[in-house]
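Participant: Sharing a model prediction with you, sequence too.
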Amino acid sequence: MSRSDIIKQTSLPRRILGSAWFKMGVFILLFLVLLILVTGRADSKVQDRQLEFLQDAVRRAAVQSYALEGRYPDNLAHLEENYGLVIDRNNYAVYYEPMGDNLLPQIKVIPLS
């Protein structure tokens with residue numbers, strides 16, 4: 001039996017599954033799926049760090065205000081105007097609830113997207 005006879009007897013799905021092009025395509029597809037998963041996870045970590053950084057920045061500005069003025073400010077606008085706090089209001093909502101002149105306010109940062 002010749003090689004061409006064997007190839008003719010092999011079914012089409014087996015020839016496709018056994019081809020180098022098919023194996024390369026599957027490898028590339030798996031690589032792309034893995035790349036998408038890793039990129040999504042990294043993006044999530046970056047967003048978590050940004051939330052943490054903004055919350056820490058608000059807290060530091062409030063503590064600095066307390067140290068210099070002897071009381072915590074009543075609102076975020078005071079921190080933005082006098083202590084250089086910058087909030088990206090397109091991406092984050094910051095809840096700042098004063099608890100009293102000498103108690104650290106409740107601070108919560110929530111992503112909008």
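Facilitator: Noted; the coordinates are in hand.
Participant: alpha carbons only for contacts and neighbour counts from here, please
Facilitator: OK.
Participant: So Val109 belongs to a strand, correct?
Facilitator: Yes - under DSSP: H, G, I helix; E, B strand; the rest coil, Val109 sits within a strand.
Participant: mind checking pLDDT for it?
Facilitator: pLDDT, Val109: 94.
Participant: For the nearest residue to it once chain neighbours are set aside, which three-state class applies?
Facilitator: Closest residue to Val109 apart from its sequence neighbours, by Cα to Cα, 6 or more residues apart in numbering: Val94 at 4.5 Å. For Val94, the secondary-structure state derived from three-state DSSP is strand.
Participant: Number of residues surrounding Val94?
Facilitator: 18 (other Cα atoms under 10 Å).
Participant: Isn't it up against Leu112?
Facilitator: No - taking contacts as Cα atoms under 8 Å, Val94 lies outside contact range of Leu112: 10.1 Å.
Participant: any idea how far Phe22 is from the residue nearest to Val109?
Facilitator: 51 Å (Cα to Cα, to the nearest Å).
Participant: now do Leu35
Facilitator: 20 Å.
Participant: the helices in the protein, which residues?
Facilitator: 3-9, 12-18, 20-69, 76-83 (DSSP state H).
Participant: Compare the ones you listed and report which one is nearest to Asp101.
Facilitator: helix 20-69 (8.4 Å; Cα to Cα).
Participant: looking only at pLDDT, what's the mean for that closest one?
Facilitator: pLDDT averaged over helix 20-69 gives 87.
Participant: now the angle from that helix to helix 76-83?
Facilitator: In terms of direction (axes from the mean of the first three to the mean of the last three Cα atoms, to 10 degrees), helix 20-69 departs from helix 76-83 by 80 degrees.
Participant: quick one: pLDDT of the nearest residue to Pro105 once chain neighbours are set aside?
Facilitator: Leaving aside its chain neighbours, Pro105 sits nearest to Pro98 (4.3 Å; criterion: Cα to Cα, 6+ apart). pLDDT, Pro98: 94.
Participant: before we move on, the earlier item: would you mind giving the helices of the chain as JSON lines with mean neighbour count and distance to Ile107 added?
Facilitator: Output for the helices of the chain, formatted as JSON lines (neighbours: other Cα atoms under 10 Å; distance: least, Cα to Cα, whole Å):
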{"stretch": "helix 3-9", "mean neighbour count": "9", "distance to Ile107": "71"}
{"stretch": "helix 12-18", "mean neighbour count": "11", "distance to Ile107": "58"}
{"stretch": "helix 20-69", "mean neighbour count": "14", "distance to Ile107": "7"}
{"stretch": "helix 76-83", "mean neighbour count": "14", "distance to Ile107": "10"}
